[in-house]
Each structure stands twice: as C-alpha cells, then as structure tokens.
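K.L.:
Everything below, folded, please.
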Amino acid sequence: MPLAWSRRAVGGVAVFAALGFLTATGTAQAEWRGWNIHVPEYSVSQGMDWFTDELAARTDGRLTARTFHSGVLGSQPDAIEQLRLGGIDFAVFNLGPMGPVVPETNVVSLPFVFRDLEHSHRAMDGALGEALAEAMAREGLKALAWYDSGSRSFYNSQRPINTPADLRGMKVRVMNNDLFVGMIEALGGNATPMAFSEVYQSLRTGVVDGAENNFPSFQSTGHFEVAGYYSISEHLIIPECLCMNLRRWNSLSAEDQALVLELAQASAVMQRELWAESDAAAMEAVIAAGVRINEVEDKAAFQAAMSPVYEMAFQRNPELEPLVELIQSIE
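P.N.:
Here you go, the predicted model:
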C-alpha cells in the first residue's frame, strides 16, 4: 500500500472511504489520517499534534499519524461518515453535530444540563462519558478522550443578565436549532436564528440585542465592541471527542491500545489547559476594553425554566431522559 496515499489531497467521500477501508483492514501499516476542523494554532489542533508526535516517538515510528487541520478533509458530517467507514482513522468532533448519527450525544446540547465546566469534566470523564462511548461504539466509533470547546454564555448591549427576568423581551441571536430557540423563549426572550457572520452588524444596528458564545469567540469576532455586557451563564457546554475508527482500534494489540488510550487522555488534559488559558486571555482583553462582566450565581431559576425544552427533547429522543438523570446525579 503506497504511503503517498496518506499525503495526497483526495477529493470525494467515496474515494476516501475506499482507500481508508483498505488501510484499516490491510496488513501493511500505513500512516493514520486524522481530521480536524480547527486551524493549526487552536488548542484542539495542538492537542492532536501532541498526540500524534508522542505516538510516533513512543513506538519508534512503528505507529505514525498525521492530522489534517482546517477542515481540508471535508465538513464534520462527511468526516463522521468517513471515520465510520475507515476513510480516515481518527478525528476530533464536536458532539453537537454528532446527534444525527449517535442520538445519545444530543444530551450535551440541552441548555443548563451541566452546572458548570468542572461538572461537565466530571461527567464526561466518568459515567456519562462511558455511556456515550458505548453508544458511539455501536456506530463504529471508538471514543478515546474528551476535549473542551468551552462554555457559552449570554452577552448583550442592554444590561447584565442575572435572572431569567433580565432576558424578558430581549432579542437574542441563537444557532438555528429548536433546542436553543426554545431556551430563549422559555426564558422570556425573543429568539432570532441567524448566520454567525451577521451577528456583529445586527448587534451594532439593534436588529438583535444580544447573542451567546464563549469568551474567545466574543473577543476574536469583535462582538465585545457592540455588546458591552457579558453574563457568565455557561448555559451550553458541548464537549468534543477524540475518537478512532473502531476497526482500526480493534486491529491494535492490547499493548498498543493501552498506549493510544494513555496518550489520547494525556492530550485531553493538555488541550483543556490550553483552552483555559485562551479563555482567560480573551476575558482579560474584553475587560480591558470596558466590557462589564458578571457571573450568574444562581442558575436554579434558569434550569427550572428549561422544563418545556427538555420535554420536547425527550419526546424526540426518549434515550436522553436517563442520561439527564445520570448527569444530575453526578456531584
């Protein structure tokens, strides 16, 4: 099997799947191909590069892997299918778009399902992560470790958000997802789905009063220039998964599996630390620019208001209800 295949820019999902299947099932050891949507400087990218560098070093080059950053191997939905089929060998996926393939992963897209980022870490590194990994394995995906993508909070041009009443009547941009539209409506606001590229101008002109995202996005997009209030609600915490093609994983020896798992989980620790650093730096930058920041100290009222949102989600995906109960049981 020519090693040049692993470095060739290939167009078309079908070609990727066919070549990858041969790689995953053949006897010759080829360089593993990895997918990543983020730019090389991003914390996820750095974690993946550390993982592949250490894998080669710890096996004296017997196991080698290369991550293709910036989405050059296709969109996330396409890449999920490529990974399942073996067209790529490993990837980091956000669990939000994973829902159509693995419905159980929709649980992390429920607003306020985690109390805070540390609660999400305990859940994902424990019983919840195990449950989601089992569901992913049924679809041909081996979950190795859980990366961070931060937490999303509210920001606006009007006032601090401390209670649901502070959102009443406010026009808030959300992603085009029924769960997030329902979240704003349940809190008394007016949900406005729109493309992310339109948010800055809409905030500047008053088409919307606010939006929601993490500190690095709030800072890098310039939204802080037109929305002077940032309220740390952490209403959405959607982790990312470093995962492998299950056939590729099963082809490894027990010793290699242990090594891959060790390095993957160590890379997640590193990535989380890098994310925390970028989050803190972005927060400092917007504070220096004059943004007023407050932390929502009591989230109970927000969580209680989510009952209709959760009921809608449970009707569509009954398997989510026991997972929510599991999350709530984790201290």
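
K.L.:
From here on, just use CA atoms for contacts and neighbour counts.
P.N.:
Noted.

K.L.:
pLDDT on the one helix or strand Glu118 maps to, on average?
P.N.:
Mapping Glu118 onto the secondary structure by DSSP states H and E places it in helix 117-124. For helix 117-124, the mean pLDDT works out to 96.

K.L.:
Give me the buried positions along it.
P.N.:
Neighbour counts over helix 117-124 (16 or more other CA atoms under 10 Å) mark Leu117, His119, Ser120, His121, Ala123, Met124 as buried.

K.L.:
Likewise for stretch 319-331?
P.N.:
Those would be Glu319, Leu320, Glu321, Leu323, Val324, Ile327, for stretch 319-331 by 16+ other CA under 10 Å.

K.L.:
Which pair of those spans the longest distance?
P.N.:
The two members of the buried residues of stretch 319-331 with the most space between them (CA to CA) are Glu319 and Ile327, at 13.3 Å.

K.L.:
re the thing from before, would CSV of the buried residues of helix 117-124 with distance to Ile293 be doable?
P.N.:
Formatted as CSV, these follow (distance: CA to CA, whole Å):
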residue, distance to Ile293
Leu117, 18
His119, 22
Ser120, 22
His121, 24
Ala123, 27
Met124, 28
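
K.L.:
quick one: the strands in this structure?
P.N.:
32-35, 65-68, 90-94, 141-147, 152-156, 171-174, 190-193, 210-213, 229-236, 240-245, 292-295 (DSSP state E).

K.L.:
In the fifth one, which of the residues would be classed as buried?
P.N.:
Yep, that's strand 152-156 we're talking about. Buried residues in strand 152-156 (16+ other CA under 10 Å): Arg152, Ser153, Phe154, Tyr155, Asn156.

K.L.:
Of those, just say which sits nearest to Leu95.
P.N.:
Nearest to Leu95 among these is Arg152, at 14.5 Å by CA to CA.

K.L.:
thinking again about what came up before, include distance to Phe180 and pLDDT when you put the buried residues of strand 152-156 into TSV, please.
P.N.:
Formatted as TSV, the buried residues of strand 152-156 follow (distance: CA to CA, whole Å; pLDDT from 0 to 100):
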residue	distance to Phe180	pLDDT
Arg152	12	96
Ser153	12	97
Phe154	12	98
Tyr155	15	98
Asn156	17	98
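
K.L.:
Pick out whichever of these sits closest to Ala143.
P.N.:
Here the nearest of those to Ala143, counting by CA to CA, is Arg152; it sits at 23.7 Å.
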